[in-house]
Each structure stands twice: as C-alpha cells, then as structure tokens.
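> Any chance you can model this:
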Amino acid sequence: MSTERQSKAPMRSIVSYVRRSEKLSDRLAKAWARYSSRYLLDLGQAEGSLTVDEDLRCDAAMVRSVWGRDAPLIVEIGSGQGENVVASAREHPDRNYLALEVYQPGLAHTMLMAGKSDLDNLRLAQVNAPDLLARMDPGLIKEVWTFFPDPWPKMKHHKRRLVQPALADDLAACLEPGGLWRIATDIEDYALHVHEVMDENPRFRNLGNLPVSLPTQHVGKGTADQAKSLPHAMFMESERFDGRIVTNFERKGIQAARIIHDLTYQVLAD
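Modelled structure (predicted):
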C-alpha cells in the first residue's frame, strides 16, 4: 500500500458502530493466532484504532502486492461472521475479496472458515470501512456489498446509518464504471432511507425492476407499528442477489416475518 502524503481536505468520517468489549472464545482465539498473519491487512493503524493513517492510499499496486495478481475486487462492508464473503470466495477463485469488519470475533470466525478452505483470494481488515474506502483509487473495485447493516432504529440515531451521501460519493469514485453497490436489509425504514440517499444520486442508477410499496415517512423504535397507516409510494427494488447465501441472521428476520429488501445501484461513467 502507498502512504505518500497528499495535500487534501480532512476526510469525512461515518461511524456506524459502537465499540464494545470483545472476548474471543478459545476456538476463535486459536483461529486468530493461526490465521491473522495470513488474512488480516496491516493498514498502519495505531493499536486499537479502527481509523487508518491519513496518508494511506489503496491503489492497483497495493492490490497486486496483497493478492499477487490483477483480478476483479469485491469488497464487503460489515462482513459479520463471514458466511457470504467466504462462500463467494470459494465459488469464485478468479476474484479478489476484501472483508471489512470492526468486530474481532466476526473477523476471527471469517479467518477460521477461510483457513479451513485454504482460501488465497480473501483478505480482511479491522477498520472503519468509510475511512478506508475514502482512500481507494478510482475504479479499483468491481462490487461493494452491504448486507443487513445496523438499522440504528431510534429516530435520533438514523444519522448514524452506514448508507449516507458521503459514502455514496466515495463509492462512486472507487467503483469502476458500471460497478455495483449491492445492499440488503430486512428493515422497511432502512430501505426507505437507502432510497432517499441513492435514488436521486446522479452518479448511480437504480437497477431495481420490482415495485415495492414503502411508507414515505420515517418511523423509529417504538413507532414502527405506525408505518402501515402512513402514506405509501412505490419504489423499485431488485430480485434477491443469488450470490448472497441465507445466513442465520437473515433466517431470523424471515422467521420474524420481515420482508427482505434487495437494492442494487450501478455507478455511471463520468
């Protein structure tokens, strides 16, 4: 990776997580000890920090150095336990994968699964994803995945949701022309939030072909039951992305009768 100093304005930071105590089980601690040197990227961070060095730049030379080749790069923001990214990396050895996650147990579990499959095309980073994506060179990424991000259900916390105009601007730059941002959520209000951020963004095209009725006003924790009585409008969403496996998290949402919203946005050429 390159850390050449560049003169630029201070970068915007989206913080959509809360730091919490993270104790690894014996199994995950062993996985971390065994596999972190193979899979975890060193981004020059201070110990315990999720913010990368302000001079760091991620470019094509860094990708070739880390993965040992040029290949389409798929980035998952908030990879959780790693089920999706590991399954896809197994199925598509011709692609490079980067899993971004803040929580150590999830990263350790991802390493464990990757190590058992001896995957060479997957790397992980414990980082605040928007900080890293803001430092990526133009056109570096083919697809970005954001599956079931934290919904921040309280109205006063909606501003902390990951999908924000600032992140969309950064992704419009670091995705290749025609590249995709795939988003999935089982929270109706988050789907509305995504539409508000993305549908009128001139750098992206909504590829959805399924009409979905959503409330046109936001609800929060404690008021979600009011959504049905609010005015509704039709929005376009996508068929289920067949590259996303059904995780335990998604299965719980389905069992709770929540509707899964798939949204796909394609970055336009300048």
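> who touches the nearest residue to Leu180 once chain neighbours are set aside in this structure?
Of all residues not flanking Leu180 in the chain, Glu143 sits nearest, at 4.7 Å (Cβ to Cβ, 6 or more residues apart in numbering). For every residue, glycine as well, the C-beta is placed using N, CA and C. Applying Cβ atoms under 8 Å, 6 or more residues apart in numbering to Glu143 gives the contacts 72, 74-75, 175, 179-182.
> do the same with Ala31
108-109, 111-112, 115.
> Also Arg244?
Arg244 sits next to 84, 145, 147, 182, 184, 262 when contact means Cβ under 8 Å, 6+ apart.
> Next: Gln45.
For Gln45, counting by Cβ under 8 Å, 6+ apart, the contacting residues are 51-53, 127.
> chain center to the helix or strand where Glu176 lies, what's the gap?
In this structure, Glu176 sits in strand 175-185 according to DSSP states H and E. Offset of strand 175-185 from its chain centre (Cα atoms, centre = their mean, to the nearest Å): 10 Å.
> What pLDDT does the model give Leu107?
Listed pLDDT for Leu107 reads 97.
> mind checking how far it is from His232?
40 Å (Cβ to Cβ, to the nearest Å).
> For the residue nearest to the spatial centre of the chain, what are phi and psi?
Within the chain, the residue whose C-alpha comes closest to the C-alpha centroid is Ile77; the distance, by Cα atoms, centre = their mean, is 1.9 Å. Reported as degrees, to the nearest 10, the phi and psi values for Ile77 are phi -90, psi 120.
> Likewise for Val267?
With angles defined as degrees, to the nearest 10, Val267 sits at phi -80, psi 140.
> Show the contacting residues for the residue nearest to it when sequence neighbours are not counted.
Leaving out its chain neighbours, the residue that sits closest to Val267 by Cβ to Cβ, 6+ apart is Leu175, at 4.4 Å. Contacts for Leu175 were tallied using Cβ under 8 Å, 6+ apart; they are 139, 141-144, 181, 267.
> Take those residues and keep only those in helices.
Of the positions in the contacts of Leu175, not one sits in helices, assigned by DSSP state H.
> Which pair in those residues has the greatest spatial separation?
Maximum pairwise distance among these (Cβ to Cβ): 14.3 Å, between Gly139 and Trp181.
> Comparing those two, which shows the higher neighbour count?
Trp181 (25 against 14; other Cβ atoms under 10 Å).
> and the more buried one, what are its bridge partners?
Per DSSP bridges, the residues bridged to Trp181 are Val144, Tyr265.
> Tell me how far it lies from Val75.
With distances taken as Cβ to Cβ, Trp181 is found 10 Å from Val75.
> What of Gly115?
Counting by Cβ to Cβ, the gap from Gly115 to Val75 is 20 Å.
> Compare these two and say which is more crowded by neighbours.
Val75 (27 against 16).
> just checking, next helix/strand downstream of the host helix or strand of the more buried one?
In the assignment (DSSP H and E), Val75 maps to strand 73-77. Downstream of strand 73-77, the next assigned helix or strand under DSSP H and E is helix 83-91.
> Name the residues that touch that next one?
Residues contacting helix 83-91 (Cβ under 8 Å, 6+ apart): 74, 76, 79, 95, 97, 99, 110, 113-114, 117, 119, 121-122, 145, 147, 243-245, 247-248.
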